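Asker: Got a predicted structure here, sequence first:
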Amino acid sequence: MTHRIAVLKGDGIGREVVPWAVATLQALGPRWEFVEGEIGWDCFQRTGTALPDETVALLGTCEAALFGAVSSPSRRVPGYRSPIVALRREFNLYANVRPVMSAPVPSSRRDVDMLIVRENTEGLYVQRERSDGQTAVAERVITRAASERIGRLACQQALRRRRHLTIVHKANILPETCGLFRDAVRRVAAEYPGLTIEEVLVDTMALRLIRDPEHFDVVVTTNLFGDILSDEAAMLVGGLGLAPAGNIGDTLAIFEPVHGSAPDIVGRNIANPLAAILSAAMLLDYLGETQDGDRVRAAVTATLREGLLAPDLGGQATTTAVGEAVLRHLH
């Protein structure tokens, strides 16, 4: 069976690391059809849109996508909107899933193995803001339907793992929005009697990720909380250069490294390609090719055990050297 995969390199080092994810999939055999689409800030500057209609149409013909990174302006630019946020809405990619696992590198904590499941379509990321120049207001949207949906996915993941689910919220301060999220997830979790359920306030969770991350299995939370906590958790196990993610919906999933476009190191051949390669492993799992997904993760681990580390991990290995080592271990 041939899998049709969209390749969205985007901006900055996305263009340097995504080709290694593609090469990794190609090394597993000739069952891939890769089609490229434009996306990102450079695309916006050239065409006036960060997400062309052609790219959206292309994604509609694919099983999944590999996405690199996009640069974003730090100020309001008329006509510009985040293309990855737009894709999450367009294809209803309601779950952002980020594995956090110890790695054989000096900067990694031992015995960490958690999965952070983040609601991906609501919260403050609905981008409903208004300002009169003196007061700015942002609306936070939480719905029961979306909360139950992400809760169900988190429960299903927990059943496949160590059967422990942590619900992260701030219902003591935000009883309407966080309270709705918490109650909806707990209602769904009651359908899974084999799970152990706990609740942790988001500020306490930030502390406990540093104090005792080994405790956690599957963590489910809202959009902004999950965005922040998952980056914090990545630093426990080596940093963003080892952090893959999946944006998952009912008909499409987009897999990406979470390190951003890193314009300061573009063109220097020092970007770490392992997060993109690990994202390809997640794509394999999504397609049901779990054995090959495990092969890719094993090749990444073998590369790290060699001590072949990119600069973000304290080494001097180039992007090319790290990517070639993964391919060598695959073969």
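Answerer: Received the coordinates, thanks.

Asker: from here on, contacts and neighbour counts on C-alpha atoms
Answerer: Will do.

Asker: With only the CA atoms kept, save the lowest-mean-pLDDT helix or strand in the chain in CSV.
Answerer: None of the helices or strands of the chain scores lower by mean pLDDT, DSSP states H and E than helix 83-90, at a mean of 90. The C-alpha trace of helix 83-90 is given here as CSV (Å, rounded to 0.1, in the frame of the first residue of the first chain):
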residue,chain,number,x,y,z
PRO,A,83,-1.2,28.9,9.3
ILE,A,84,-0.8,26.0,11.8
VAL,A,85,-3.7,27.4,13.9
ALA,A,86,-5.7,27.8,10.7
LEU,A,87,-5.0,24.2,9.7
ARG,A,88,-6.1,22.9,13.1
ARG,A,89,-9.4,24.7,12.5
GLU,A,90,-9.8,23.8,8.8
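
Asker: Parallel or antiparallel, which strands does the helix or strand following that helix pair with?
Answerer: For helix 83-90, the following helix or strand on the C-terminal side (DSSP states H and E) is strand 95-101. Strand pairing for strand 95-101, using DSSP bridges, gives strand 113-119 (antiparallel), strand 244-248 (antiparallel).

Asker: re the thing from before, can you give me the angle the least confident helix or strand of the chain makes with strand 95-101?
Answerer: 120 degrees (axes from the mean of the first three to the mean of the last three Cα atoms, to 10 degrees).

Asker: And the strands in this structure?
Answerer: 3-10, 32-36, 64-69, 95-101, 113-119, 129-131, 136-138, 164-169, 196-201, 218-221, 244-248, 253-257 (DSSP state E).

Asker: Let me have the strands paired with strand 95-101 in a markdown table, adding distance to residue 29, mean pLDDT and mean neighbour count as columns.
Answerer: Converted to a markdown table, the strands paired with strand 95-101 look like this (distance: least, Cα to Cα, whole Å; pLDDT from 0 to 100; neighbours: other Cα atoms under 10 Å):
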| stretch | distance to residue 29 | mean pLDDT | mean neighbour count |
| --- | --- | --- | --- |
| strand 113-119 | 29 | 98 | 25 |
| strand 244-248 | 22 | 97 | 24 |
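
Asker: any idea how far residue 316 is from residue 60?
Answerer: Separation of residue 316 from residue 60 (Cα to Cα, to the nearest Å): 40 Å.

Asker: can you pull out the helices in the stretch 201-331 of the chain?
Answerer: With DSSP state H, counting those that start in this stretch as the criterion, the stretch 201-331 of the chain has helices at 202-211, 223-234, 274-286, 290-305, 319-330.

Asker: Please name whichever of the strands of the chain is nearest to residue 78.
Answerer: Of all the strands of the chain, the one in closest proximity to residue 78, counting by Cα to Cα, is strand 129-131 (14.6 Å).

Asker: tell me which residues of the closest one are tucked away?
Answerer: Buried residues in strand 129-131, counting neighbours by 16 or more other Cα atoms under 10 Å, are absent.

Asker: tell me what that strand is packed against?
Answerer: Counting by 3 or more Cα pairs under 8 Å, 6 or more residues apart in numbering; DSSP states H and E, the packing neighbours recorded for strand 129-131 are strand 136-138.

Asker: what packs against the strand it packs on?
Answerer: Packed on strand 136-138, when contacts are counted by 3+ Cα pairs under 8 Å, 6+ apart, are strand 129-131.

Asker: so how far is the strand it packs on off the chain centroid?
Answerer: A distance of 28 Å separates the centroid of the chain from that of strand 129-131, by Cα atoms, centre = their mean, to the nearest Å.

Asker: For it, give me every contacting residue.
Answerer: Identification of contacts with strand 129-131 by Cα atoms under 8 Å, 6 or more residues apart in numbering yields 136-139.
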